[in-house]
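Colleague: Curious how this folds, go ahead:
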Amino acid sequence: MAAENAASDPHATTEFHSRTAPAAASQSERIRVALVEDSREAPARDLHSLLLRRLRIYCGILTAVSATVIVINLVRQGVLHGDDALIAMALVATGGSTILLWTRPPATVRGLRGIELLSVGGLAAVLLANETVLYEQIISAAAADGATAREWRWMPFAFFALANSLFFFGAIATYAALIPNTLGRAAAVSGAMAVAPIALFAALGLWLRPVDPETCLLFLPTMAIWLGLGFSLAVFSASRIDVMRREAAAARKLGQYVLREKLGAGGMGEVFRAEHALLRRPCALKTIRPERAGDPRHLERFEREVQATAALTHPNTVQIFDYGRAVDGSFYYVMEYLPGRSLDQLVADEGPVAPRRAVRWLRQLCGALGEAHALGLLHRDIKPGNVMIASRGGVAEVAKLLDFGLAAPVEGMKGDGKLTQEGALNGTPAFMSPEQANGSESLDPRSDLYSLGALAFFLLAGKPPFDGRSTFATVAAHLYELPPALGDLRDDLPPALESAVSRCLAKRPEDRFPDAASLDAALAACQVEWESGREEGSPP
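Modeller: Below you'll find the predicted structure:
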């Protein structure tokens with residue numbers, strides 16, 4: 001479902017306040033909902049996406065380091081020696097993994113974990129093998145020098161041991177920083193990487209004895225400190241990330257609904273793509289800011305409106321699934337998720353709509369409004385951003401009218417000024433009826449029909465009836481000016497359709513269609529003329 005337009009949108013819902021109206025809520029009062037990747041509530045596809053991105057970085061780093069070492073050795077030595085074979089093998093393995101991750105990555109998390117373990121294990125194997133080669137070189141030098149040089153042999157031995165510890169420390173830290181893990185898994189992998197070089201050092205130093213055992217034992221604690229520090233950082237990072245994931249999971253949830261991504265924001269709150277935690281049903285969840293529901297009268301009206309809206313069953317009306325209150329005091333309601341485009345987006349992408357296409361959608365909206373009006377509900381904010389075109393039940397391009405959750409009961413608009421803030425008019429200026437723009441407290445269904453006519457004008461002309469004006473100039477135009485003739489803007493409109501739109505946009509309610517059914521009949525007559533071929537040159 002497309003979200004409500006942001007405040008910067010010229011068609012977005014706007015509020016006009018009198019001089020005595022309270023100031024807008026501060027930024028600190030806005031609802032904050034954390035959307036954090038890879039929380040424990042996230043589905044496997046989210047973990048797969050995150051792990052894939054991180055592995056690409058990790059393997060890319062290993063590839064770059066291996067290639068750099070090869071180049072440095074080649075420049076320094078002029079030729080690659082046998083010792084460089086291990087690094088070359090690491091370059092081929094990590095480079096191949098990087099190419100695979102970018103071109104044909106595994107489709108499952110298990111497959112990505114396999115590449116992760118191969119990369120980490122390969123790195124550890126190369127470092128250990130390199131450590132073994134260096135120790136053998138020291139042992140060979142010791143054998144050649146004999147017992148007379150024994151007093152200095154501990155220096156290169158200790159240097160290589162400590163240097164290798166730092167290499168492993170860097171490997172552990174890089175792994176902990178980049179690869180998302182559970183606490184136990186991070187401890188297992190990091191622990192293995194920390195223990196391996198210490199075990200190898202002890203085995204080579206105490207068994208092959210390039211130096212005195214006492215000298216070897218002297219450096220074991222130093223290695224253990226470095227590698228223990230790397231292990232501790234890895235485990236601590238994993239534990240903190242685990243806590244953050246749990247907090248993020250709580251922040252991502254409102255009641256039984258898990259928030260997936262933010263779709264947009266409007267005057268009343270924010271809209272998220274969500275999913276029921278148990279049913280796994282996709283939906284759209286709209287939060288209502290606490291300051292909007294702080295007044296008990298507003299809360300009473302909101303609850304009554306949502307309850308009434310839940311009774312709407314027309315196929316062209318968005319379905320309301322649920323309503324509740326979050327821990328932070330914000331109110332929310334849940335509606336069906338409609339993947340598709342709003343009329344705002346559609347016209348921006350394609351330009352003015354063909355007459356037959358527009359009539360089909362307008363008739364569907366007439367049906368939705370007819371049911372709502374029969375139940376005593378006014379929409380009051382019909383605009384392109386509140387109409388979605390989506391495929392439903394195998395039927396393409398179904399129009400869905402949104403935001404009935406914020407509608408006002410007809411009887412509530414007559415003489416009940418307390419339900420609307422005094423000095424404030426709610427609506428969208430570009431599509432607001434004259435009586436709505438004038439602040440009338442007595443609105444009826446014909447106000448919605450005017451807004452639907454303005455929407456029809458937008459579909460056929462590609463712009464609202466009074467476009468390119470300031471907010472107050474637009475309001476004044478609705479009150480006192482006639483809209484441009486559609487026939488002057490395009491020459492393929494049937495006269496019956498142009499007449500129907502013009503009647504909807506009449507200034508006086510009594511000059512408009514009396515109800516949605518009458519407008520639907522007029523639009524149906526346009527379709528009959530097309531089908532009978534009476535309109536020459538009618539668009540397809």
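Colleague: Residue 97 and residue 61 touch, don't they?
Modeller: No. Using Cβ atoms under 8 Å, residue 97 makes no contact with residue 61, being 11.6 Å away. C-betas here are computed from N, CA, C, even on glycine.
Colleague: Of these two, which one has the most company?
Modeller: Of the pair residue 97 and residue 61, residue 97 is the one with more neighbours under other Cβ atoms under 10 Å, namely 22 against 14.
Colleague: where along this structure do the strands fall?
Modeller: Secondary structure of the chain by DSSP state E: the strands cover 14-17, 253-254, 257-265, 269-276, 282-288, 320-325, 331-336, 340-342, 377-378, 387-392, 395-401, 408-409, 424-427.
Colleague: Confidence-wise, which of those is weakest overall?
Modeller: For the strands of the chain, the bottom mean pLDDT is recorded on strand 14-17, which sits at a mean of 38.
Colleague: quick one: which of the strands of the chain is nearest residue 105?
Modeller: Each of those was scored for nearness to residue 105 using Cβ to Cβ, and the closest is strand 257-265 (21.8 Å).
Colleague: Now the closest one: buried residues?
Modeller: Residues 257-260, 263-265 are the ones in strand 257-265 that count as buried (16 or more other Cβ atoms under 10 Å).
Colleague: Parallel or antiparallel, list what pairs with that strand.
Modeller: Strand 257-265 pairs in its sheet with strand 253-254 (antiparallel), strand 269-276 (antiparallel), by DSSP bridges.
Colleague: out of the strands of the chain, nearest to residue 457?
Modeller: Evaluated with Cβ to Cβ, these place strand 387-392 nearest to residue 457, the distance being 13.8 Å.
Colleague: List the contacts of that closest one.
Modeller: Residues outside strand 387-392 that contact it (Cβ atoms under 8 Å, 6 or more residues apart in numbering) are 1-2, 315, 318, 338-343, 346, 361, 365, 397-402, 455.
Colleague: Filter those down to just the buried residues.
Modeller: Taking 16+ other Cβ under 10 Å as the criterion, what is buried in the contacts of strand 387-392 is 1-2, 318, 338, 340-343, 346, 361, 365, 398-402, 455.
Colleague: For the stretch 101-250 of the chain, give me the ranges with low pLDDT.
Modeller: Regions of the stretch 101-250 of the chain meeting the criterion pLDDT under 70 cover residues 134-161, 205-218, 242-250.
Colleague: rewinding a little: going by distance to residue 494, which of the buried residues of strand 257-265 wins?
Modeller: Residue 494 lies nearest to residue 264 out of the buried residues of strand 257-265, by Cβ to Cβ, at 35.4 Å.
Colleague: Pretty sure that closest one sits against residue 272.
Modeller: No. With contact defined as Cβ under 8 Å, residue 264 does not reach residue 272; the gap is 9.2 Å.
Colleague: Now the common contact residues for those two.
Modeller: When contacts are counted by Cβ under 8 Å, 6+ apart, residue 264 and residue 272 are jointly contacted by no residue.
Colleague: So residue 179 versus residue 119, what's the distance?
Modeller: Counting by Cβ to Cβ, to the nearest Å, the gap from residue 179 to residue 119 is 9 Å.
Colleague: wait, I meant residue 341
Modeller: In this structure, residue 341 and residue 119 are separated by 42 Å, where distance is defined by Cβ to Cβ.
Colleague: can you check residue 398 too?
Modeller: With distances taken as Cβ to Cβ, residue 398 is found 48 Å from residue 119.
Colleague: Then residue 167?
Modeller: When residue 167 is compared with residue 119 (using Cβ to Cβ), they lie 15 Å apart.
Colleague: Likewise for residue 233?
Modeller: Residue 233 sits 20 Å away from residue 119 when distances are taken as Cβ to Cβ.
Colleague: So which of those two has more stuff around it?
Modeller: residue 119 (23 against 16).
Colleague: neighbours of residue 65, just the number please.
Modeller: Here the neighbour count serves as a burial measure; for residue 65 (other Cβ under 10 Å) it reads 18.
Colleague: for residue 47, that is, sorry about that
Modeller: With other Cβ under 10 Å as criterion, residue 47 counts 17.
Colleague: I'd say it and residue 109 touch.
Modeller: Yes. Residue 47 is in contact with residue 109 according to Cβ under 8 Å; the separation is 5.6 Å.
Colleague: Dump the buried residues of strand 257-265 to JSON lines, plus distance to residue 470.
Modeller: JSON lines is the format used below for those (distance: Cβ to Cβ, whole Å):
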{"residue": "257", "distance to residue 470": "40"}
{"residue": "258", "distance to residue 470": "42"}
{"residue": "259", "distance to residue 470": "36"}
{"residue": "260", "distance to residue 470": "38"}
{"residue": "263", "distance to residue 470": "29"}
{"residue": "264", "distance to residue 470": "24"}
{"residue": "265", "distance to residue 470": "23"}
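Colleague: how about those residues, which pair is most distant?
Modeller: 258 and 265 (19.4 Å).
Colleague: For the stretch 351-500 of the chain, give me the ranges with low pLDDT.
Modeller: For the stretch 351-500 of the chain (pLDDT under 70), the answer is 404-426.
Colleague: For it, which segments are assigned as helices?
Modeller: In order along the chain, the stretch 351-500 of the chain carries the following helices (DSSP state H, counting those that start in this stretch): 355-374, 434-437, 445-461, 471-480, 486-489, 495-504.
Colleague: Turn those into TSV, columns for distance to residue 518.
Modeller: Output for the helices of the stretch 351-500 of the chain, formatted as TSV (distance: least, Cβ to Cβ, whole Å):
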stretch	distance to residue 518
helix 355-374	9
helix 434-437	19
helix 445-461	9
helix 471-480	22
helix 486-489	20
helix 495-504	9
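Colleague: So which of those helices is the most surrounded?
Modeller: helix 445-461 (a mean of 25; mean count of other Cβ atoms under 10 Å).
Colleague: Flag every buried residue along stretch 222-233.
Modeller: Counting neighbours by 16+ other Cβ under 10 Å, one finds that the buried residues in stretch 222-233 are 223-224, 226-227, 230-231, 233.
Colleague: how's the protein carved up into domains?
Modeller: Described in terms of automatic domain parsing, the domain architecture of the chain consists of the residue ranges 44-251, 341-532.
Colleague: among those domains, which is nearest residue 279?
Modeller: domain 44-251 (17.5 Å).
Colleague: What distance do you get for residue 170 to residue 322?
Modeller: Where residue 322 is concerned, residue 170 sits at a distance of 50 Å (Cβ to Cβ).
Colleague: correction: residue 47
Modeller: The span separating residue 47 from residue 322 equals 27 Å under the rule Cβ to Cβ.
Colleague: Over to residue 196?
Modeller: Summarising the geometry, the distance separating residue 196 from residue 322, computed by Cβ to Cβ, is 53 Å.
Colleague: Residue 475 now?
Modeller: Spatial separation of residue 475 from residue 322 under the definition Cβ to Cβ is 36 Å.
Colleague: check contacts around residue 108.
Modeller: Per Cβ under 8 Å, 6+ apart, neighbours of residue 108: residue 48.
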